[in-house]
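> Build the 3D model from these lines:
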Amino acid sequence: MPTAPSAPSSDTDDVRAAAAGDRIAFQRLYRQHVDRIYGAVLRLAGYDHARAEDLTQDAFVRAWQKLGEFRHESAFGTWLYRLAVNVALMDIRSRGADPVRFVDEEALPEHGETPFCAAEREELERAIGRLPPRARAVLVLHDVEGWRHEEIGAELAMAVGTSKAQLHRARGLLRKLLGEPS
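Here you go, the predicted model:
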C-alpha cells in the first residue's frame, strides 16, 4: 500500500502549531506554498508583478488571521489556494471590473501585424494580461486552474452561461491579440 506524501502531514503539524501562534511554523508553510499561490494570483492580476506580490502577501496575512477557522477537512494547500484566489477576485471586484466589458476590438492588431510567436510564454502572459479583468478571471480560472463553469459562476456572481460566453469571447480576443486567425 503506498504511503501518503510527507508534505500534507508536515503541513498539518505546521498548521496546528501556527494556529497556536508559532510563527516559525507559519514561515515554513509560507515557504512551502508561496510559489504556487503567487503563480495563481499573478495570472489573475494580469501578470502585474507588483500587484501580484501585494495580493500574495494579503493572502498570507489573511491565512494567518484565519488559521483558527481551518477545519482540516481538505489539505492546507487547497484551503490556502482558495483563500488566495478569493483575495485576487475581491481585488478585481473592488476595481469595479464590469463582468461584460471587453477590450476594444479596434485596438487589437490585425492578423499578421503581431511581431511575436504565440508559443512564447512571455507574450502569452502579456496577451492574457491585456484581457479585461473579469474575462481574464474566467479564462484563467477555467483554462489554467481547471475550475468548472458552475464554480466560476458562483465565485464571480454570474450565470453559468455568462461564464461560458465570457470564456469563448476571452479565447477569441486572446487569439486576436496573439495574431492567430479566429
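
> tell me which element the spatially closest residue to Y38 that is not a sequence neighbour falls in.
Nearest in space to Y38, with sequence neighbours left out and distances taken as CB to CB, 6 or more residues apart in numbering, is T56 at 4.7 Å. To be clear about C-beta, it is placed using only N, CA and C from the backbone, and glycine gets the same treatment. T56 belongs to helix 49-66 when assigned by DSSP states H and E.

> Run through who's touching that helix.
Identification of contacts with helix 49-66 by CB atoms under 8 Å, 6 or more residues apart in numbering yields 18, 26, 29-30, 34, 37-38, 41-42, 44-45, 80, 83-84, 87-88, 91.

> May I see the buried residues of the next helix-or-strand element following that helix?
Next in sequence after helix 49-66, counting helices and strands by DSSP H and E, comes helix 76-94. The neighbour-count check on helix 76-94 (16 or more other CB atoms under 10 Å) flags 76-77, 79-81, 83-85, 87-89, 91-92 as buried.

> What distance do you get for W64 to A165?
Applying CB to CB, to the nearest Å, the value for W64 to A165 is 38 Å.

> ok, the closest residue to G77 other than its chain neighbours - contacts?
Leaving aside its chain neighbours, G77 sits nearest to H33 (5.6 Å; criterion: CB to CB, 6+ apart). Residues near H33 by CB under 8 Å, 6+ apart: F76, G77, L80, Y81.

> surely the second one meets D35?
Spelled out, that is G77. No - in this structure G77 lies outside contact range of D35 using CB atoms under 8 Å: 11.2 Å.

> tell me the domain ranges of the chain?
6-94, 105-177 (automatic domain parsing).

> pLDDT averaged over the shortest one, what's the number?
Rounded to a whole number, the mean pLDDT of domain 105-177 is 78.

> Near the closest residue in space to A88 that isn't next to it in sequence, how many other residues are there?
Distance criterion CB to CB, 6+ apart; nearest residue to A88, sequence neighbours excluded, is L44 at 4.0 Å. L44 has 28 neighbours, counted by other CB atoms under 10 Å.

> Ok, the one 10 residues further on next?
For D54, the tally of surrounding residues (other CB under 10 Å) stands at 15.

> Which phi and psi values does the residue nearest the centre of the chain adopt?
Closest residue to the average C-alpha location of the chain: A40 at 3.6 Å, with CA atoms, centre = their mean. When read as degrees, to the nearest 10, the backbone of A40 gives phi -70, psi -40.
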